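Asker: Take this sequence and fold it.
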Amino acid sequence: MTIPGRVVVGMALDRFGPRRVFSILMVVMAIPTWFFAFGDSAMQLFVARLFMSIVGAGFVVGIHMTALWFKPKDIGFAEGFYAGWGILVSCRSDYHSHGCATVLWW
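Answerer: The predicted structure follows:
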């Protein structure tokens, strides 16, 4: 769902701008997150997680804002830096969440 979400978010960015789109995206993605937190069956968890994957479209907003903030000659470096740190932080949080789950006996 991330790829179709990125297309829709990209079209919304062109029309409404990054601040509105990112704010709406975060509020709307709270709904499947809430359903995931209170899911009782594997199917509920699966469907909620499927819709939660749309939040990955927020990357498009960040790339767009990076392009607006930096001079054209610096955009490549800035977007690479943005993407690289995003991947690093994602990997680190995944590593730590597994450790926390082990310590908390989940």
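
Asker: Report the contact partners of Gly10.
Answerer: Contact analysis of Gly10 by CB atoms under 8 Å, 6 or more residues apart in numbering lists Val60, His64. (C-beta placed from N, C-alpha, C; glycine too.)

Asker: Helix or strand: which one has it?
Answerer: In this assignment (DSSP states H and E), Gly10 forms part of helix 2-16.

Asker: if you average pLDDT over that helix, what comes out?
Answerer: Mean per-residue pLDDT for helix 2-16: 89.

Asker: So which bits of it are buried?
Answerer: Gly5, Arg6, Val9, Ala12, Leu13 (16 or more other CB atoms under 10 Å).

Asker: Turn the residues you listed into TSV, columns for distance to Ile24.
Answerer: Below are the buried residues of helix 2-16 laid out as TSV (distance: CB to CB, whole Å):
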residue	distance to Ile24
Gly5	12
Arg6	15
Val9	10
Ala12	8
Leu13	11
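
Asker: picking up where we left off before, following element in sequence after the helix holding Gly10, please.
Answerer: Once the chain leaves helix 2-16, the next helix or strand it forms, by DSSP H and E, is helix 18-37.

Asker: what's that next one in contact with?
Answerer: Defining contact as CB under 8 Å, 6+ apart, one finds that helix 18-37 is touched by 9, 12-13, 44-45, 47-49, 51-52, 54-55, 57-58, 61, 64-65, 68.

Asker: what's the single longest helix in this structure?
Answerer: Criterion DSSP state H: the longest helix present in the chain is helix 75-103.

Asker: Against Ile54, how distant is Val7?
Answerer: 11 Å (CB to CB, to the nearest Å).

Asker: Next: Val61.
Answerer: Taken as CB to CB, the span from Val61 to Ile54 is 12 Å.

Asker: buried residues in whichever strand or helix holds Val61?
Answerer: Secondary structure from DSSP H and E places Val61 in helix 58-69. Under the neighbour-count criterion of 16+ other CB under 10 Å, helix 58-69 has Gly58, Phe59, Val60, Val61, Ile63, His64, Met65, Thr66 buried.

Asker: Alright, I will stop here.
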